[in-house]
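Visitor: from the sequence below, what's the structure:
(4 chains)
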Protein chains: 2
Amino acid sequence: MNRPRIPRQSDIARLAGVSQATVSMVLNDRAGANRIPEATQKRIREAMAELGYVPNIAAQSLRGGRSGLIGVHTFERVFPTAPDDYYREFLNGIEEQAVAAGLDLVLFASTQKPDGTRSIYGSGSNRMRLADGAVILGFEKNDDEIRRLADEGFPFVFIGHREVEGVDVPFVTADYSSAMAPVVRMLADAEHRKVAYLAAPLRGFAQQERLEGFTAAAAPAQAGSAGAAGLAFEVDVREPAEVTAAWVRATLAGGATAIVVETYDLARALADALASAGLSAPADVSVIGLDSDPRSEGAFSHVRVPRRAMGRRAVELLLAVIDGSAPAPLTLPVHCDPPTHDTVGTPSLGTSIVATAAATASATPATTTTPAPAPAPAATIAAPATAAPPASATTAPTPAPSAV
Amino acid sequence: MNRPRIPRQSDIARLAGVSQATVSMVLNDRAGANRIPEATQKRIREAMAELGYVPNIAAQSLRGGRSGLIGVHTFERVFPTAPDDYYREFLNGIEEQAVAAGLDLVLFASTQKPDGTRSIYGSGSNRMRLADGAVILGFEKNDDEIRRLADEGFPFVFIGHREVEGVDVPFVTADYSSAMAPVVRMLADAEHRKVAYLAAPLRGFAQQERLEGFTAAAAPAQAGSAGAAGLAFEVDVREPAEVTAAWVRATLAGGATAIVVETYDLARALADALASAGLSAPADVSVIGLDSDPRSEGAFSHVRVPRRAMGRRAVELLLAVIDGSAPAPLTLPVHCDPPTHDTVGTPSLGTSIVATAAATASATPATTTTPAPAPAPAATIAAPATAAPPASATTAPTPAPSAV
DNA sequence: CTGAAAGCGCTTACAG
DNA sequence: CTGAAAGCGCTTACAG
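Guide: Numbering: from 1, shown residues only, chains lettered A, B, ... in the order given. Sure thing, here's the model as predicted:
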């Protein structure tokens, strides 16, 4: 069977009795600019329909420069084996926005090395340039590759706060600083007076910003300003393995009536710990998570990290970067939905096992006592030494996120 | 900041002191054919590395070369909103094999129309031609687009049995015909004598093949041949909404001690029906599903549709189609893992609500009584009229799947 | 108002 | 052993 040749512009031109260039003009609606008569245009369109013409994308993008392709690169596998993978919602958002922008997505799979990690330049060449730009995700540190990408002038945007020395890394992030106010308000409104802030040892940017936001939100209330009643909190840095039934009992015995959980792995550990202590939220203790993953989502009320919206905004930001219309510093915080009330109750409502310390105990709160206006620096909090900010944050101060 | 120009072959050529054509030869490993000396090749490769050369995919594919891109097209959205989407595992497999083959994946999102469906030619141009070939998924019927794709000679492979008149559609499918034998054996071994085969009204290829496979496996046993004891079954075609507690009671009252569920939506309906009837599997009735989706997976023992493996094999088959090394008829059945035993028990073990009809009732079984060797045609089964094969299967007989 | 021509970055015969 | 040249199918100045 002889494969029928795919029609091209010159075939239409011949059929319509015009030049190939004229066909191109009509196709691209630049016909008006050149005032090609309606009759000619009609003839051309009829010829197109008759031959079933379809433009050759490769030729178009070779000529025009843009491929209409947005890359997606992760430093780990894109479709992890686990059914509850973290990337999923980001991809949903990226895809949504690609649809809206009429772009296609390239998932770079060819860059995977035998150990399962993915490298941009590992193969010796940057396949990524096949796309007009790329959204990059992943926890792995690959500062050298990022720097090289920036040096080449390749447009990219990170999902998640990323800093690489010498490079203005564009990124979208959850707006944790503003997301903490509703959390504090909800706890204060439920008349909690003392809260345990269960923090992760690894102090990434997200952890840092959550704690700063929480502190800033709690401080004015603490000072007795308008609105909610005072809320004291104590930062407790723990590995997930340390979050046991005993830890829960000790925490409640210390007078806390609510627990704020910084990360999703701690949230999972806490859910297990509560279960094995025979306690439940909000009956025995109120709990709010500041992050979540699919596995921890059902356990507690939590700040909803807007992963899908972040994916969408990342593509928007990328498109702005690609055509140079994005103003510095190219960081885009995305609003977080406030937590639900499911696992937050009033202390009196609970059948707390804590009888030794009153919920309203006037023990010196661990939080700042300075009546300074928000945002108060987190550094004044009596946190364990392990809660020190990450190296990058101490050497170079974290830049304030600002909208694009 | 002036963006450094992206290097092209002529830049490498200049740096290495050769012609651009020579660079192309070395790049494409056709250097051997032209016996370009190792020293020259080395110089060229070093220049490539130094400049960070990456081929321009558009130019390559315009010229007729390979882009190293495998397209993924779905007639519905790729990343559905529901957390339990059906495509997920297929994509996992596709991606796995892309990694293995060193290829990248293009997810066509630009083709989405306002109603959410996706069309290959809807935008007037076939973006898909950017890729070397494509894996296509989706339930929507778009025979015209498939035919056009085939006419253009574009390589593609379907996931799922697909037939389009006048086109040899390459596809991978679950090997249902062989998957049914373990199901029949498991039921017979557990000493079931009468089984209800709960079938879907929509008789797609998968449904068709399951029923044929089941019939073929049950027939020899029925004839008293070696191995399992006789197994009679009655096909009951139902909409999911019809699968109620009453339906379950009536089915058990009819003497069936086990239910085989053809599709995952019926499986979900049956799970609900059992619950509302206050029954459970395998205590009251044994149940095996012949398909599953993430939402029905936990409910019953089921034949595991090897979605990930199907994704992998689809890419393998596509690569064979692309370089013309795949022999007709290009259909590839993938082995299914046998079901677990979780919801299969012996009838005597159950506290069946059925007291009226003995489990070993000698009522005339609905199955074929012909002692013919397998595979027996499903047509001899006393199925309701609505269980007629689909139009395409009656006009053109279903071709026997055969390995590539 | 329309056409001839250049050129996007490649690959592949074809000459030397 | 290597280079000059054609050409893939387009878009976009530039001439008429």
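
Visitor: and whichever residue of chain A sits closest to chain B, which of the three is it?
Guide: Nearest residue of chain A to chain B, counting by CB to the nearest CB: residue A:153, 3.4 Å away. Every residue, glycine included, has its C-beta placed from N, CA and C. Under the three-state scheme (DSSP: H, G, I helix; E, B strand; the rest coil), residue A:153 adopts coil.

Visitor: and the helices in chain A?
Guide: With helices called from DSSP state H, chain A shows them at A:9-16, A:20-27, A:38-51, A:57-64, A:88-101, A:143-151, A:176-189, A:205-222, A:245-253, A:264-277, A:307-322, A:391-395.

Visitor: is DNA strand D contacted by the first one?
Guide: Yes - contact between helix A:9-16 and DNA strand D is present through A:9-10 (criterion: CB under 7 Å from any atom of the strand).

Visitor: counting contacts, what elements does that helix pack onto?
Guide: helix A:20-27, helix A:38-51 (3 or more CB pairs under 8 Å, 6 or more residues apart in numbering or on different chains; DSSP states H and E).

Visitor: circling back: the helices of chain A into a markdown table, with extra columns for mean neighbour count and mean pLDDT?
Guide: Listed next are those as a markdown table, based on neighbours: other CB atoms under 10 Å in any protein chain shown; pLDDT from 0 to 100:
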| stretch | mean neighbour count | mean pLDDT |
| --- | --- | --- |
| helix A:9-16 | 18 | 88 |
| helix A:20-27 | 18 | 87 |
| helix A:38-51 | 15 | 86 |
| helix A:57-64 | 17 | 83 |
| helix A:88-101 | 22 | 90 |
| helix A:143-151 | 17 | 87 |
| helix A:176-189 | 22 | 90 |
| helix A:205-222 | 24 | 84 |
| helix A:245-253 | 17 | 95 |
| helix A:264-277 | 20 | 93 |
| helix A:307-322 | 23 | 94 |
| helix A:391-395 | 12 | 32 |
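
Visitor: got the residue ranges for the strands in the stretch 251-400 of chain A?
Guide: With DSSP state E, counting those that start in this stretch, the ranges of strands along the stretch 251-400 of chain A come out as A:258-261, A:286-289, A:301-302, A:331-334.

Visitor: domain boundaries for chain A, per the record?
Guide: Domain assignment for chain A, taken from automatic domain parsing, gives A:9-55, A:176-304+A:338-390.

Visitor: what's the end-to-end length of the first one?
Guide: Spelled out, that is domain A:9-55. End-to-end distance of domain A:9-55 (CA to CA, to the nearest Å): 8 Å.

Visitor: do the same with stretch A:332-346
Guide: Note: stretch A:332-346 ends 36 Å apart using CA to CA.

Visitor: look up how far residue B:97 lies from the residue in the stretch 201-350 of chain A that DNA strand D sits nearest to.
Guide: Relative to DNA strand D, the nearest point of the stretch 201-350 of chain A is residue A:323 (14.1 Å; CB to the nearest atom of the strand). Computed as CB to CB, to the nearest Å, the residue A:323 to residue B:97 distance reads 35 Å.

Visitor: equivalent analysis for residue A:30, please.
Guide: Taking CB to CB as the measure, residue A:30 falls 43 Å from residue B:97.

Visitor: that older thread, how about JSON lines for the helices and strands packed on helix A:9-16, with distance to DNA strand C added?
Guide: As requested, the helices and strands packed on helix A:9-16 are arranged in JSON lines below (distance: least, CB to the nearest atom of the strand, whole Å):
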{"stretch": "helix A:20-27", "distance to DNA strand C": "3"}
{"stretch": "helix A:38-51", "distance to DNA strand C": "4"}
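
Visitor: would you mind saying which of the helices of chain A lies nearest residue B:203?
Guide: helix A:88-101 (32.9 Å; CB to CB).

Visitor: tell me how far residue A:194 lies from residue A:255.
Guide: Applying CB to CB to residue A:194 and residue A:255 gives a distance of 5 Å.

Visitor: who has more neighbours, those two?
Guide: When residue A:194 and residue A:255 are compared for neighbours, residue A:194 comes out ahead with 26 against 22, by other CB atoms under 10 Å in any protein chain shown.

Visitor: that one against residue A:233, yeah?
Guide: Yes - contact criterion CB atoms under 8 Å: residue A:194 and residue A:233 qualify, at 7.2 Å.

Visitor: ok so, going back, CSV please, covering the helices of chain A and showing distance to residue B:59.
Guide: Output for these, formatted as CSV (distance: least, CB to CB, whole Å):
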stretch, distance to residue B:59
helix A:9-16, 18
helix A:20-27, 19
helix A:38-51, 25
helix A:57-64, 5
helix A:88-101, 24
helix A:143-151, 22
helix A:176-189, 45
helix A:205-222, 40
helix A:245-253, 61
helix A:264-277, 45
helix A:307-322, 20
helix A:391-395, 40
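
Visitor: rewinding a little: give me phi/psi at the residue of the stretch 201-350 of chain A closest to DNA strand D?
Guide: phi -100, psi 20 (degrees, to the nearest 10).
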